[in-house]
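**Q** With the sequence up front, the predicted model follows.
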Amino acid sequence: MLVQFEGISRPIELVGCAHLQGCLADVLPGWRFAEAASKAEPVIRILHRDDGYRLESPWLAEPFHDDTDVGTVCALVLDLIAAYVAERPSLFCLHCAAVELAGRLVVFPSSYHGGKSTLVARLAAAGVPVYTDDVLAVTNAGDRGVALGVAPRLRLPLPRGAGRPFRAFVARHRGRSNRRYLYLNLPPGTLAPHGRQTPIGGFVLLDRQPNGAAELVPATRGQVLQRMIVQHFARSVAATEIVDRLRGVVEQVPCFSLRYARLDDAAALLQDRFTAWPLVVHEEKVPARERGIVPWQGAGAGGIRPRSGGTAGGPHFQQNPAVALHAVDDDFFLVDPRDQSIYHLNLVGAGLWRLLGEPSTAAQAIAVLRAAFPSADPERIEGDMTVLLRDLLANDLIVAHDGAAGPCRPGASRVAGG
């Protein structure tokens, strides 16, 4: 059968699995859908077979397989959102959770096992309106989040930090589940209705700890932007556009990091801190990381190890003109439009990159950086810069030549980032 979702022009096809409509209604309480009146070509197809379900869509490199209703619908939700946003050029998506506090959205950028869905559910138990625990639509201006009407989903089992009252709340509002996930049927008025728009008020990175009191501390916008880029899933969007869009969102609002061990403490701190808007934040500078570039694992390129003593011999290195640098606070991102790769540099790495705006040997670059950081161990600088140059060259972000006139020789390989 063909099912038509409101807001998506083409239907989805359920082959041998019309019964999934019940699960869809529970997981997508904010969406309207009905059997399609026309026989239009489906945008998404689900087939039920003896070994489970097969999901096909334009956003999957290969079909998705699962043997449970919930696992299949879980995957379908992302493709439905992709189809919905694809027909609305005024929107793009962030991989994050978001709740409304005092009329603005607090956004929690995604991190693997960071606890964002559980924290959102705990806030919902306190009556805080939930916009999403996974994907938030954002207006192109970057100032407003748009609820998509998807029930929050918890990973099973619940974490140790989940207190008894919260576990009781989950038990009362338990929805569809399988061995890995449990959806919540939130109380009326707690899940923001599909399409509701609310200004974005701030970003909070989650830093779950084994113990200790909950603490909310300033974070740099560069840290938030890095997390958003790493977790971004719209790979059909050009890398430069991804950076520009995310940067436009992050630069407008304050950014924090929440360190916590117990859910109850974290929820109480957030409600207390974000009750009164607007916030006035004096952002602290976060010390630069020690390595120049992360998380590269360069393939290696010979011929760049300088001789101790800092002679100026050897090949000359220079920026690859195809690559662009984007700066946010003390964090820097190289964007390679050739393969839509995005790479992260810290302050020292960005200094080396700018130095290579003109041809320079490894020894010359190291001498400049030693002068710039006189208190640092000179052998440490030499070792770190050698690794960094090798990684830049291996990823084709810089080019090397012999110093004479003539074409530059690019590195032998490139590793996709982002």
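**A** That came through, no problem.
**Q** Distance from the chain centre to stretch 53-65, please.
**A** 22 Å (CA atoms, centre = their mean, to the nearest Å).
**Q** I'd say residue 26 and residue 173 touch.
**A** No. Between residue 26 and residue 173 there is no contact under CB atoms under 8 Å: 11.5 Å. (C-beta placed from N, C-alpha, C; glycine too.)
**Q** Who has more neighbours out of those two?
**A** Neighbour count, other CB atoms under 10 Å: between residue 26 and residue 173, residue 173 has more, with 19 against 16.
**Q** shared neighbours, residue 26 and residue 173?
**A** Between them, residue 26 and residue 173 share these contacting residues under CB atoms under 8 Å, 6 or more residues apart in numbering: residue 185.
**Q** contacting residues for residue 73?
**A** Residue 73 touches 20, 23, 24, 27, 176, counting by CB under 8 Å, 6+ apart.
**Q** oh sorry, the question was meant for residue 33
**A** Taking CB under 8 Å, 6+ apart, one finds 3, 4, 5, 6, 21, 24 in contact with residue 33.
**Q** repeat that with 10 Å
**A** By CB atoms under 10 Å, 6 or more residues apart in numbering, the contact set of residue 33 is 3, 4, 5, 6, 7, 8, 11, 12, 21, 24, 25, 80.
**Q** Can you report how many residues neighbour the nearest residue to the second one once chain neighbours are set aside?
**A** Meaning residue 4. Once flanking residues are discounted, residue 4 sits nearest to residue 36: 4.0 Å by CB to CB, 6 or more residues apart in numbering. Residue 36 has 17 neighbours, counted by other CB under 10 Å.
**Q** For residue 344, state which of the contacts of residue 73 is nearest.
**A** Nearest to residue 344 among the contacts of residue 73 is residue 27, at 34.7 Å by CB to CB.
**Q** can you give me the helices in the stretch 101-250 of the chain?
**A** Here the stretch 101-250 of the chain has its helices, by DSSP state H, counting those that start in this stretch, at 116-125, 164-172, 221-231, 239-250.
**Q** could those helices go into JSON lines alongside distance to residue 264?
**A** As requested, those are exported to JSON lines (distance: least, CB to CB, whole Å):
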{"stretch": "helix 116-125", "distance to residue 264": "7"}
{"stretch": "helix 164-172", "distance to residue 264": "7"}
{"stretch": "helix 221-231", "distance to residue 264": "25"}
{"stretch": "helix 239-250", "distance to residue 264": "29"}
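**Q** Pick the most buried one from those.
**A** Mean neighbour count (mean count of other CB atoms under 10 Å) peaks for helix 116-125 among the helices of the stretch 101-250 of the chain, with a mean of 24.
**Q** For residue 326, give the beta-bridge partners.
**A** Residue 326 has the following beta-bridge partners by DSSP bridges: residue 333.
**Q** quick one, domains of this protein?
**A** 2-86, 91-273, 293-410 (automatic domain parsing).
**Q** In a markdown table: the ones you listed, plus mean pLDDT.
**A** Conversion of these to a markdown table gives the following (pLDDT from 0 to 100):
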| stretch | mean pLDDT |
| --- | --- |
| domain 2-86 | 95 |
| domain 91-273 | 89 |
| domain 293-410 | 69 |
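**Q** Could you identify which of the ones you listed is most buried?
**A** domain 91-273 (a mean of 19).
**Q** Quick check: end-to-end length of that domain?
**A** 29 Å (CA to CA, to the nearest Å).
**Q** do stretch 153-173 as well
**A** OK, stretch 153-173 end separation, CA to CA: 12 Å.
**Q** Distance from the chain centre to it, please.
**A** Chain-centre distance of stretch 153-173: 25 Å, with CA atoms, centre = their mean.
**Q** do the same with stretch 185-196
**A** 24 Å.
**Q** mind saving the C-alpha coords of that stretch as CSV?
**A** What follows is stretch 185-196, C-alpha atoms only, in CSV (Å, rounded to 0.1, in the frame of the first residue of the first chain):
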residue,chain,number,x,y,z
ASN,A,185,4.5,8.6,24.8
LEU,A,186,5.0,12.0,26.5
PRO,A,187,2.2,13.6,28.5
PRO,A,188,0.0,16.1,26.5
GLY,A,189,1.7,19.4,25.9
THR,A,190,5.2,18.1,26.6
LEU,A,191,6.2,17.2,23.0
ALA,A,192,6.3,20.4,20.8
PRO,A,193,3.9,20.1,17.9
HIS,A,194,5.2,19.5,14.4
GLY,A,195,6.1,22.8,12.8
ARG,A,196,6.3,25.0,15.9
